[in-house]
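Trainee: Any chance you could fold what I've pasted below:
(one chain, ligands or ions: 2)
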Amino acid sequence: MQGLIEFKSVTKTYGAGSSAVHAFGPVSLDIAEGEFISFLGPSGCGKSTLMLMIAGLLEASAGTIRLAGKEVHAPQTDIGIMFQDNTLVPWRTVRGNIELQLEMRGIPVEQHAEHISSLLQSVHLADFADRYPFELSGGMQQRAAFCQAMVHRPKIVLLDEPLGKLDAMTREHIRADLQKLWMQTRSTVIFVTHSIEEAVQLSTKVAVITPRPGKVETVIDIDLPFPRDLKVKGSSAFIRHVREIQEIFHGYGVI
Ligand SMILES: Nc1ncnc2c1ncn2[C@@H]1O[C@H](COP(=O)(O)OP(=O)(O)OP(=O)(O)O)[C@@H](O)[C@H]1O
Ligand SMILES: [Mg+2]
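Mentor: Numbering: from 1, shown residues only. Ligands and ions are numbered 1, 2, ... in the order given. Model prediction:
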């Protein structure tokens with residue numbers, strides 16, 4: 001079956017000649033609709049490079065990326081994107097920031113007021129809709145940024161270490177919210193993280209990436225029931241998956 005997202009021998013080399021950096025690939029991989037796939041790999045293995053290429057913000061050096069059968073050669077506006085540093089503008093409220101994503105795409109804001117309210121509710125921000133970003137904690141800002149990424153109901157969502165800067169406790173809470181949101185929308189999510197536990201908890205599949213140049217040598221199916229709460233994290237199947245991945249990274253000399 002054809003995947004919603006297809007990589008065919010995707011490679012990226014930055015620069016040329018003696019200063020060239022072979023950052024990523026070649027990677028061939030199909031991602032089916034509705035998957036929550038994590039790209040898990042050491043720093044510098046090309047995860048952000050891959051995200052930028054999927055979003056059409058960076059051209060691959062070789063190979064092709066297809067979204068729903070169409071080759072990517074230009075910025076993709078119908079997907080949802082979120083990076084480690086959020087893109088909330090300081091002069092708009094939380095709701096205003098979310099509306100901005102609709103305005104930029106020419107989608108009428110009024111018809112989505114209720115949808116925005118329910119998104120805010122699902123990430124526990126309903127009481128902060130009219131606050132400005134500086135009035136929010138780091139975790140709350142990331143929650144608002146999730147709503148930004150999801151408001152136009154994208155079929156594909158790219159999340160590049162969205163929880164990277166948060167403390168462990170906040171991270172745990174937001175993971176639960178993110179999982180709930182994904183279970184409601186069943187969008188196809190590509191999630192980048194350094195955390196093995198986080199990848200196993202959230203994903204239907206984990207793509208383990210080698211050190212640079214990043215290659216996908218192993219894709220692990222995480223066949224645990226959703227929602228995955230603390231109880232699931234204590235299960236022997238969960239722990240087995242974590243150990244399996246740790247051993248792969250140990251073999252790469254990363255840990
Ligand atoms: N614009 C650029 N110009 C030149 N080299 C770059 C550029 N962006 C990234 N690289 C190089 O490509 C490699 C992969 O970078 P990338 O940011 O994709 O890694 P990453 O896996 O996202 O790392 P991290 O986990 O630290 O975010 C690195 O060696 C980096 O130095
Ligand atoms: Mg990165």
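Trainee: Got phi/psi on Val242?
Mentor: In terms of degrees, to the nearest 10, the main-chain angles of Val242 are phi -60, psi -50.
Trainee: Likewise for Gly234?
Mentor: phi -90, psi 0.
Trainee: Against ligand 2, how distant is it?
Mentor: 30 Å (CB to the ion, to the nearest Å). Every residue, glycine included, has its C-beta placed from N, CA and C.
Trainee: Give me the pLDDT for the residue nearest the centre of the chain.
Mentor: Residue closest to the average C-alpha location in the chain (CA atoms, centre = their mean): Leu159, at 2.1 Å. With respect to pLDDT, Leu159 has a value of 97.
Trainee: show me the residues around Ile81 that make contact.
Mentor: Residues in contact with Ile81 (CB atoms under 8 Å, 6 or more residues apart in numbering) are 51, 55, 149, 157-160.
Trainee: hang on, it is in a strand, isn't it?
Mentor: Yes. Assignment of Ile81 by DSSP: H, G, I helix; E, B strand; the rest coil places it within a strand.
Trainee: can you pull up the bridge partners for it?
Mentor: Taking DSSP bridges, one obtains Leu158 as the residues bridged to Ile81.
Trainee: What residue in the chain comes nearest to ligand 2?
Mentor: Residue nearest to ligand 2 within the chain (CB to the ion): Ser48, separated by 3.1 Å.
Trainee: was I right about that residue contacting Asp160?
Mentor: Yes. Using CB atoms under 8 Å, Ser48 is in contact with Asp160, at 5.6 Å.
Trainee: Next, show the common contact partners of those two.
Mentor: 83, 192.
Trainee: So which of the two has more stuff around it?
Mentor: Set Ser48 next to Asp160 and count neighbours by other CB atoms under 10 Å: Asp160 wins out with 21 against 18.
Trainee: Quick check: the gap between that one and Phe39.
Mentor: Asp160 sits 9 Å away from Phe39, going by CB to CB, to the nearest Å.
Trainee: Find residues that contact each of the two.
Mentor: Both Asp160 and Phe39 are contacted by 47, 192, under the criterion CB under 8 Å, 6+ apart.
Trainee: thinking again about what came up before, thinking the residue nearest to the centre of the chain is in contact with Val189, fair?
Mentor: Yes. In this structure, Leu159 is within contact of Val189 by CB under 8 Å, at 6.4 Å.
Trainee: tell me what the helix-or-strand element of the chain with minimal mean pLDDT is packed against?
Mentor: Least confident helix or strand of the chain, by mean pLDDT, DSSP states H and E, is helix 230-233 with a mean of 89. If you count contacts as 3 or more CB pairs under 8 Å, 6 or more residues apart in numbering; DSSP states H and E, helix 230-233 packs onto helix 196-202.
Trainee: Now stretch 211-231 - C-alpha only, PDB.
Mentor: What follows is stretch 211-231, C-alpha atoms only, in PDB (Å, rounded to 0.1, in the frame of the first residue of the first chain):
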ATOM      1  CA  PRO A 211      24.400   9.000  13.900                       C
ATOM      2  CA  ARG A 212      25.100  11.400  11.000                       C
ATOM      3  CA  PRO A 213      24.500  10.900   8.200                       C
ATOM      4  CA  GLY A 214      21.200   9.800   9.600                       C
ATOM      5  CA  LYS A 215      19.700   6.600   8.200                       C
ATOM      6  CA  VAL A 216      16.700   4.600   9.300                       C
ATOM      7  CA  GLU A 217      17.900   1.100   9.900                       C
ATOM      8  CA  THR A 218      15.200   0.100  12.300                       C
ATOM      9  CA  VAL A 219      11.500   0.900  12.500                       C
ATOM     10  CA  ILE A 220       9.800  -0.600  15.600                       C
ATOM     11  CA  ASP A 221       6.100  -1.200  15.900                       C
ATOM     12  CA  ILE A 222       4.900  -0.100  19.300                       C
ATOM     13  CA  ASP A 223       1.800  -2.300  19.700                       C
ATOM     14  CA  LEU A 224       0.600  -1.100  23.100                       C
ATOM     15  CA  PRO A 225      -2.900   0.100  23.800                       C
ATOM     16  CA  PHE A 226      -3.800   3.800  23.900                       C
ATOM     17  CA  PRO A 227      -4.100   5.900  26.000                       C
ATOM     18  CA  ARG A 228      -0.700   5.100  27.400                       C
ATOM     19  CA  ASP A 229      -0.700   6.300  31.000                       C
ATOM     20  CA  LEU A 230       1.700   5.700  33.800                       C
ATOM     21  CA  LYS A 231       0.400   2.100  34.200                       C
END
